[in-house]
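>>> model the following, please.
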Amino acid sequence: MTMDCESVRRTLGAWLDGEVSEKESREIRAHVEACPSCRTDRSRLERLQFVLRAALAEGASKVTFLMAPVIGLASV
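Numbers count the residues shown, from 1 in each chain. I've put the predicted structure just below:
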């Protein structure tokens, strides 16, 4: 099965978290490598995950950030 953008976007978070099968992971990876739009979505989600993990590590009250610039929504 070939993944399309809609399918990849629905499973992108699970893929980044290692929660998909090996077969599905290969299909998602192949699509993301070939699709600039999904590659951008992957990068945005990776940045968001990084910031959220940092916030949890620091304690939510100690971290101040604006979500739009962090995940790149300001340019959309």
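>>> which SS state does residue 43 fall under?
helix (DSSP: H, G, I helix; E, B strand; the rest coil).
>>> and it, how far is that from residue 29?
14 Å (CB to CB, to the nearest Å). All C-beta spots, glycine's among them, are computed from the backbone N, C-alpha and C.
>>> and if you look at residue 18?
12 Å.
>>> ok, those two, which is more surrounded?
Between residue 18 and residue 29, counting by other CB atoms under 10 Å, residue 29 is the more crowded of the two (14 against 7).
>>> how far does the helix or strand harbouring residue 40 sit from the chain's center?
In the assignment (DSSP states H and E), residue 40 maps to helix 36-58. Relative to its chain's centre, helix 36-58 lies at 6 Å (CA atoms, centre = their mean, to the nearest Å).
>>> and it, what other elements does it pack with?
helix 5-16, helix 22-34, helix 67-71 (3 or more CB pairs under 8 Å, 6 or more residues apart in numbering; DSSP states H and E).
>>> and residue 20, how many neighbours?
Residue 20, neighbours per other CB under 10 Å, totals 17.
>>> related to what we said a few turns ago, relative to helix 5-16, how tilted is the helix holding residue 40?
Put simply, helix 36-58 runs at 30 degrees to helix 5-16, going by axes from the mean of the first three to the mean of the last three CA atoms, to 10 degrees.
>>> now helix 36-58 against helix 22-34, angle please.
110 degrees.
>>> list the buried residues in helix 36-58.
38, 41, 42, 44, 45 (16 or more other CB atoms under 10 Å).
>>> buried set for stretch 21-32?
Across stretch 21-32, burial judged by 16+ other CB under 10 Å covers 24, 27, 28, 31, 32.
>>> nearest to residue 13, of these?
Ranked by distance to residue 13 (CB to CB), the buried residues of stretch 21-32 are led by residue 28 at 11.1 Å.
>>> closest to the centroid, which residue in the protein?
Closest residue to the average C-alpha location of the chain: residue 45 at 2.6 Å, with CA atoms, centre = their mean.
>>> isn't it right up against residue 13?
Yes. Judged on CB atoms under 8 Å, residue 45 makes contact with residue 13 at a distance of 6.3 Å.
>>> can I get the helices and strands packed on helix 36-58 in TSV including mean pLDDT?
As requested, these are exported to TSV (pLDDT from 0 to 100):
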stretch	mean pLDDT
helix 5-16	94
helix 22-34	96
helix 67-71	53
